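>>> Let me see the structure of the following:
(chains A and B)
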Protein chains: 2
Amino acid sequence: MEKKTLDVQGMSCGHCKAAVEGALKKLAGVSAAEAHLETGKVDVTFDEGKVTVAAMKEAIEEQGYDVIA
Amino acid sequence: MEKKTLDVQGMSCGHCKAAVEGALKKLAGVSAAEAHLETGKVDVTFDEGKVTVAAMKEAIEEQGYDVIA
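Modelled structure (predicted):
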């Protein structure tokens, strides 16, 4: 399992946190996702044989948030 | 049909807007609800024989927002 922290812009409330975490957890290969509203950081634990960072960024962007790193 | 504007605190994003509008529209007697994020105002159109303002406030508060007027 790999761990990565993404920087996400625009998460403003608990619904946003749930939307981002939910979109990530739906991806096969993502075993954990936790978004932090105060910092915009999203910690993801994933299997790099099953899912790419690009796919995770895309899932977040589809929810309407910008991934800046 | 009666119209009323409620003042709601804590709506910060599109999910919040949808949560508040959705909770109001679920109430029998509410025919329209529109929340405005910039102002915190929520416009409701309702049948006062079927639903009370108190019930509408309660529905919003159950979603985690404060109704200040």
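>>> Between the two ends of stretch A:43-61, what distance do you get?
End-to-end span of stretch A:43-61 (C-alpha to C-alpha, to the nearest Å): 16 Å.
>>> which bits of chain A sit near chain B?
Residues of chain A that fall close to chain B, judged by C-beta under 8 Å from any C-beta of the partner chain: A:G10, A:S12, A:C13, A:G14, A:H15, A:C16, A:A19, A:G64. C-beta coordinates here come from the backbone N, C-alpha and C atoms, glycine included.
>>> The closest residue to the fifth one other than its chain neighbours: what's it in contact with?
Of all residues beyond its chain neighbours, the one nearest A:H15 is B:H15 (3.1 Å), with distances taken as C-beta to C-beta, 6 or more residues apart in numbering or on different chains. Residues counted as contacts of B:H15 (C-beta atoms under 8 Å, 6 or more residues apart in numbering or on different chains) are A:C13, A:H15, A:C16, A:A19.
>>> Now do the helix or strand hosting the last one and helix B:14-25, the angle between them.
Secondary-structure element containing A:A19, defined by DSSP states H and E: helix A:14-25. Computed with axes from the mean of the first three to the mean of the last three C-alpha atoms, to 10 degrees, the direction of helix A:14-25 lies at 110 degrees from that of helix B:14-25.
>>> Pull the CA coordinates from helix A:14-25 and hand them back as PDB.
Extracted C-alpha coordinates of helix A:14-25, given in PDB (Å, rounded to 0.1, in the frame of the first residue of the first chain):
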ATOM      1  CA  GLY A  14     -18.600  18.500   5.700                       C
ATOM      2  CA  HIS A  15     -20.500  17.800   2.500                       C
ATOM      3  CA  CYS A  16     -17.400  18.600   0.400                       C
ATOM      4  CA  LYS A  17     -15.300  16.400   2.600                       C
ATOM      5  CA  ALA A  18     -17.700  13.500   2.200                       C
ATOM      6  CA  ALA A  19     -17.900  14.100  -1.600                       C
ATOM      7  CA  VAL A  20     -14.100  14.000  -2.000                       C
ATOM      8  CA  GLU A  21     -13.600  11.000   0.300                       C
ATOM      9  CA  GLY A  22     -16.500   9.100  -1.300                       C
ATOM     10  CA  ALA A  23     -15.300   9.700  -4.800                       C
ATOM     11  CA  LEU A  24     -11.900   8.300  -3.900                       C
ATOM     12  CA  LYS A  25     -13.100   5.400  -1.900                       C
END
